[in-house]
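S.K.: Here's a sequence, model it:
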Amino acid sequence: MKSIVLGGGVIGVTTAYYLAQEGHEVVVVEARDQLGTDATGGNAGLIAPGHSFAWASPAAPRMLLASLRGQATAIRVKPRLDPKLASWGLQFLRECTTTRAEANTLIKLKLCKYSQGQLNQLAAAERIEFEHVQRGAAYLYRTEADLELGVKKMDLLRCHGVPMNVLDAKQVAELDPAFASAGDTFAGGIHVTSDASGDSELFTNELADRCKGLGVQFELGVTAERFVTDGDSVRGVQTSKGLMRADNYVLALGIQSPFLSKTAGQRLPIYPAKGYSLTADIIDPEAAPKVGGVDEATLVAWSRFGDQLRMSSTAEFSGYSRDWKFSDFSNVLKTGREIFPRAVDWDGARMRACLRPMTPDGPPIIGRGKHTNLFYNTGHGHMGWTMACGSSRILTDVMAGRKPALDLRGFEVRSRRVAA
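M.R.: Coordinates of the predicted model:
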């Protein structure tokens, strides 16, 4: 059984691994010359079921409106004549009810929890080192009022099995002495004890080496252009290297997925959210955090990768450009200097922008579509690192004809969500 996996990020490589374990002859096609360089390499590093909340919520329209008025917000949109953004945005707004937000959050949470378990098993079995830190994650609040609201919000996750402790300012500093350098910035926090962090780009490349040992072939610098279909099956994929044929095809192309799926007659509700991240060298190990987390006021997230600190923030809906300017990182730099002032070389921080494949409702797209041999594993948005192993394990079960561990309702291949 030959399978072509389209996409060389953490989703595509984990899919390739599980399929190879099933005995498939696997080829991974990736347009870039390296693996895991876009959303996989540009995230905050958190493995965070404790942050599974759907972005489409009752609070989101107010934030987007504030963004349109020029205010600095964590989720922002740049007005543009873009029919794709308009269509996606209307679907997003339909999901911004309390009922839909809760339902979408719980769908994501189930996948995140399952996936974290699969990641731990895979990393142990293959002895993959990827700066994995399992000390939980700290979600920090600057005022008592915000902490109280955060506890109420987190109650949804707590009631569905996410372990957490509410901390006052003193306990936050005791959890990680690096937080003490923030002074009285934080009134308290929520420590989700089961969350973790790790370098997803390093993990992806280490896993790719294991895949090669299983016979997986990687075609780098090759662009998938269109599917060649015949009735209800795919006969091949036309690439910049020529026509490639297989028994099965898996679409894991992130933000490029809708363009390729359209050639097979399937529209996907995926639009890019630009994220900004920086990586800085640690100069004072004691002042750098060992526990990953999020400043809930600025929505800046961080993780420690050995002797480096990764920080990330912002979701900007502004099209398909990865261009950035220094001012785009003002929120990250201001927060970093405020809470970890002596920890890293802020002046030497390396900056990048990536594009995260967002669905309007939040859950990714996993499963079989209109064609008998075309499968989807895409649209994971800002949670791709957390969801990767679970999504790929589920898809492999579907392709093998087994019942997956999770109910696939909520992850269906779709052009829009039909309200229940």
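S.K.: CA atoms for contacts and neighbours, from now on please.
M.R.: OK.
S.K.: now the end-to-end length of stretch 356-376.
M.R.: 16 Å (Cα to Cα, to the nearest Å).
S.K.: So which residues of the stretch 151-300 of the chain form strands?
M.R.: With DSSP state E, counting those that start in this stretch as the criterion, the stretch 151-300 of the chain has strands at 164-168, 188-192, 196-197, 217-220, 224-230, 233-239, 242-244, 248-251, 271-281, 292-295, 300-305.
S.K.: Kindly reformat those strands as JSON lines and extend each row with mean pLDDT.
M.R.: Shown next, in JSON lines, are the strands of the stretch 151-300 of the chain (pLDDT from 0 to 100):
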{"stretch": "strand 164-168", "mean pLDDT": "98"}
{"stretch": "strand 188-192", "mean pLDDT": "98"}
{"stretch": "strand 196-197", "mean pLDDT": "98"}
{"stretch": "strand 217-220", "mean pLDDT": "98"}
{"stretch": "strand 224-230", "mean pLDDT": "98"}
{"stretch": "strand 233-239", "mean pLDDT": "98"}
{"stretch": "strand 242-244", "mean pLDDT": "98"}
{"stretch": "strand 248-251", "mean pLDDT": "98"}
{"stretch": "strand 271-281", "mean pLDDT": "96"}
{"stretch": "strand 292-295", "mean pLDDT": "97"}
{"stretch": "strand 300-305", "mean pLDDT": "97"}
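S.K.: Identify whichever of these lies nearest to R393.
M.R.: Minimum separation from R393 across the strands of the stretch 151-300 of the chain (Cα to Cα) falls at strand 248-251, 13.0 Å.
S.K.: name the helices or strands packed onto the closest one?
M.R.: Applying 3 or more Cα pairs under 8 Å, 6 or more residues apart in numbering; DSSP states H and E, one finds that strand 248-251 makes contact with strand 2-6, strand 374-378.
S.K.: The ones you listed into a markdown table, with extra columns for mean pLDDT, distance to D232 and mean neighbour count?
M.R.: Shown next, in a markdown table, are these (pLDDT from 0 to 100; distance: least, Cα to Cα, whole Å; neighbours: other Cα atoms under 10 Å):
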| stretch | mean pLDDT | distance to D232 | mean neighbour count |
| --- | --- | --- | --- |
| strand 2-6 | 98 | 17 | 25 |
| strand 374-378 | 98 | 9 | 27 |
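S.K.: Nearest to L111, out of the ones you listed?
M.R.: strand 374-378 (12.9 Å).
S.K.: What's the first helix or strand after that closest one?
M.R.: helix 384-399 (DSSP states H and E).
S.K.: Many thanks, I have nothing further to ask.
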